[in-house]
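1. take a look and give me a structure for this.
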Amino acid sequence: MLPEVHLVAAARPNLPKLAALWHALADSMPFCRPVLVHTGQHHDDAMFGALLRDLGLPSPDVSLGVAGGSHAELTARTMLAAEVLWRGRRPAAVIVPGDVDGALAAALAAAKLFLPLVHLEAGLRCADTDLPEEINRRAIDAVATGLWAPDATAMHALAFEGRAEAAVLTGNAMIATLERTRPAWSHRPAPMPERPFGLLTLHRGANVDNRARFAALLDAVARTAAILPLLWPLHPRTLARLAAYGLRVPKGVQTVPPLSYLDFIATLSQAAIVITDSGGVQEETTYLGVPCLTLRDTTERPLTLTLGTNRLATAATLPEAVAAMLADPPVPQRIPGWDALAGWRMADALAELLHNQQRRAA
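-> Prediction:
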């Protein structure tokens, strides 16, 4: 019987990363049985189920059903559920992508049970320890057995923290999935009749959970919409905050429900500029050569800033930053490891990890 390897998905951004590994394992000689475990942090069809279909992933083998609550509540309840699962069904390894609370909880539960633990997308750093995601990704990297880094910048961060021996440069899993699905999204029309248009995504707590900050950003968005029309797929969290604060969507901004993965990448590829607070979007725009402005003070993708494909912006600077970037757009960048092969590199790294584990046990 093949050993089980549990691939843990907590939130929507985890799925494109896991899909790269899943399909590489499916296309290779079988040496393990991948098991998709869903913690439940994102659980509705728009934020999770539709992505499974777009990415060609099966329904999760295991659903822990943990959603909602504070950071501590969600983390604690997910840890308890994961521990119950892994005490009764012990995998040969656990793969945890990303930096959300569900990912941290699964990583801690696996580490406490002395399960081989791999962090997919290790080494990302923004140097702002006030951000929950920064706390999570540092903690996961500290307890992981294996660290799969997307690029040389992440490898340098892990070496600086004394984890070089555990780090493997596997490449960017999100870009591998983007390339694998290109035939499915490259001819889809964007749900925006005007051309050119900008794409807006906004969901992080630091931006939308404070009414004054959110209102200032909406004012900046309104001034930006006077430069070019904007399409805004509304994250459920953002939609709830708009209603709770009594704020209105600015004129010139067309809102739509959350887009499927394929529709989102198709829309992003056709946008004249993307304004976001998402991490993965910064990588996708860099790879496709779409100008990107990130509404944050820092980013865990500093390579995108170095390349000039992404710039940080605030409510005060957004309209001017949009105008400047449209006037001098970046060119697509080819970064070592950002290609269609990241899934295969991860599969090779996983095979080596399992082989070494079996050799030690012999």
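
2. might one say that residue 333 is in contact with residue 288?
-> No. Applying C-beta atoms under 8 Å, one finds residue 333 not in contact with residue 288, separated by 9.5 Å. C-beta coordinates here come from the backbone N, C-alpha and C atoms, glycine included.

3. settle it for me: which of those two has more neighbours?
-> residue 288 (19 against 16; other C-beta atoms under 10 Å).

4. for that one, give its distance to residue 40.
-> 31 Å (C-beta to C-beta, to the nearest Å).

5. what's the answer for residue 352, then?
-> Taking C-beta to C-beta, one finds residue 352 at 31 Å from residue 40.

6. neighbour count winner among the two?
-> residue 40 (21 against 12).

7. in what helix or strand does that one lie?
-> Counting by DSSP states H and E, there is no helix or strand that carries residue 40.

8. for it, what are its contacts?
-> Residues in contact with residue 40 (C-beta atoms under 8 Å, 6 or more residues apart in numbering) are 10, 63, 64, 65, 66, 67, 78, 102.

9. for the fourth one, which non-adjacent residue is closest in space?
-> Pointing back at residue 65 there. Spatially, and ignoring its direct neighbours in sequence, residue 65 is nearest to residue 40 (4.7 Å; C-beta to C-beta, 6 or more residues apart in numbering).

10. I would like the residues contacting stretch 129-147, please.
-> For stretch 129-147, the surrounding residues in contact (C-beta under 8 Å, 6+ apart) are 71, 93, 96, 98-101, 103-104, 107-108, 111, 116-119, 122-128, 158, 161, 163, 166-168, 205-206, 279, 298, 300, 349, 353.

11. among the residues you listed, which are located in strands?
-> Among these, the members falling in strands are 93, 96, 117, 118, 119, 167, 168 (criterion: DSSP state E).

12. JSON lines for the residues you listed, including pLDDT?
-> As requested, these are exported to JSON lines (pLDDT from 0 to 100):
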{"residue": "93", "pLDDT": "98"}
{"residue": "96", "pLDDT": "98"}
{"residue": "117", "pLDDT": "98"}
{"residue": "118", "pLDDT": "98"}
{"residue": "119", "pLDDT": "98"}
{"residue": "167", "pLDDT": "98"}
{"residue": "168", "pLDDT": "98"}
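
13. what is the nearest of those residues to residue 238?
-> residue 96 (25.9 Å; C-beta to C-beta).

14. now the strands for the stretch 1-150 of the chain?
-> With DSSP state E, counting those that start in this stretch as the criterion, the stretch 1-150 of the chain has strands at 4-9, 33-38, 62-63, 93-97, 117-120, 146-149.

15. residue 173 and residue 119: what is the separation?
-> Distance from residue 173 to residue 119, by C-beta to C-beta: 12 Å.

16. and the two? Which one has more around it.
-> residue 119 (31 against 28).

17. and residue 280, what does it touch?
-> 13, 16, 174.

18. what's the spacing between it and residue 349?
-> With C-beta to C-beta as the criterion, residue 280 and residue 349 are 21 Å apart.

19. buried set for stretch 149-158?
-> For stretch 149-158, the neighbour count (16 or more other C-beta atoms under 10 Å) marks 149, 150, 151, 153, 154, 155, 157, 158 as buried.

20. give me the contact list for that stretch.
-> 121-125, 141, 147, 164, 166-173, 283, 302-303, 335-338, 342.

21. please produce a PyMOL select command covering the buried subset of these.
-> Command for PyMOL that selects the buried part of these, burial taken from 16+ other C-beta under 10 Å:
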select buried, resi 121+122+123+124+125+141+147+166+167+168+169+170+171+172+173+283+302+303+335+337+338+342
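
22. restricted to helices, list the contacts of stretch 149-158.
-> Here DSSP state H is the test, and the contacts of stretch 149-158 give 141, 173, 283, 302, 303, 342 as lying in helices.

23. find me the pLDDT at the second one, would you?
-> According to the model's per-residue confidence, residue 173 sits at a pLDDT of 97.

24. how close does it get to residue 299?
-> The spacing between residue 173 and residue 299, counted by C-beta to C-beta, is 18 Å.

25. partner residues bridging residue 168?
-> residue 148 (DSSP bridges).

26. quick one: contacts for it?
-> 146, 147, 148, 149, 345, 349.

27. adding distance to residue 310 and pLDDT, write those out as CSV.
-> Shown next, in CSV, are the contacts of residue 168 (distance: C-beta to C-beta, whole Å; pLDDT from 0 to 100):
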residue, distance to residue 310, pLDDT
146, 28, 97
147, 24, 98
148, 22, 98
149, 19, 98
345, 24, 97
349, 28, 97
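
28. out of those, what pair is the most spread apart?
-> 147 and 345 (13.2 Å).

29. next, give phi and psi for the closest residue to residue 93 other than its chain neighbours.
-> Spatial nearest neighbour of residue 93, excluding adjacent residues (C-beta to C-beta, 6+ apart): residue 116 at 4.2 Å. The phi/psi pair for residue 116 (degrees, to the nearest 10) reads phi -60, psi 130.
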